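In: only geometry, no sequence info:
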């Protein structure tokens, strides 16, 4: 089983990096629409999406934002961290089956608040930036090395 390891505030250093890679599938878009209630046809209706500036269906922007959240929760600072805020600018559309790489870099530490600022860059499989931004997180106080839970099994109809 895969292990998850976190970084406490004291272990984090300016310039420290981590990456998280995830392919955005048709299933992901369907599940995100179901959970969020965002049924904008640009995400779900190929015929409609073909008439838009994108020419095809695209993933929800906040699905990309959710993958940034996953990168923070799983990699840097990792399990036990508290996600406090995010600024995110969408640069290019994310298409079905795009493989996204979320790059994280610690850019600031706030000793008084025990918080970190993390630069976030999301690239597709062609190296094109699809989103950029900055996250604020409160790293965990305790070191954890835990088994990564399995993803839930969900059926979309």
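Out: All right, it came through fine. Computed from a predicted model, the values in this text were never measured in an experiment. Numbering: from 1, shown residues only.
In: tell me the mean pLDDT for the longest strand seen in the chain?
Out: Ranked by residue count and defined by DSSP state E, the top strand of the chain is strand 99-110. What strand 99-110 shows for mean pLDDT is 98.
In: surely residue 148 touches residue 75?
Out: No: in this structure, residue 148 is not within contact of residue 75 by C-beta atoms under 8 Å, at 11.0 Å. C-betas here are computed from N, CA, C, even on glycine.
In: and those two? which has more neighbours close in?
Out: Neighbours were counted for residue 148 and for residue 75 using other C-beta atoms under 10 Å; residue 75 has more, 20 against 11.
In: which residue comes closest to the more buried one once chain neighbours are left out?
Out: In space, and not counting its chain neighbours, residue 75 is closest to residue 18: 4.1 Å by C-beta to C-beta, 6 or more residues apart in numbering.
In: element containing the one you found, please.
Out: Here residue 18 sits within strand 17-23, counting by DSSP states H and E.
In: in its sheet, which strands sit next to that strand, and in what direction?
Out: Strand pairing for strand 17-23, determined by DSSP bridges: strand 99-110 (antiparallel).
In: so which bits of the next helix or strand after the partner strand are buried?
Out: The first helix or strand that comes after strand 99-110 along the chain, using DSSP H and E, is strand 115-123. Buried residues in strand 115-123, counted by 16 or more other C-beta atoms under 10 Å: 115-118, 120-123.
In: now swap in stretch 43-58 and tell me
Out: Buried residues in stretch 43-58, counted by 16+ other C-beta under 10 Å: 43, 49, 57-58.
In: the longest helix along the chain - contacts with which helices or strands?
Out: In the chain, taking DSSP state H as the definition, the longest helix is helix 61-74. Packing contacts for helix 61-74, counted by 3 or more C-beta pairs under 8 Å, 6 or more residues apart in numbering; DSSP states H and E, involve strand 17-23, helix 26-36, strand 82-90, strand 99-110, strand 115-123, strand 129-138.
In: give me the buried positions along stretch 70-90.
Out: For stretch 70-90, the neighbour count (16+ other C-beta under 10 Å) marks 71-81, 86, 88, 90 as buried.
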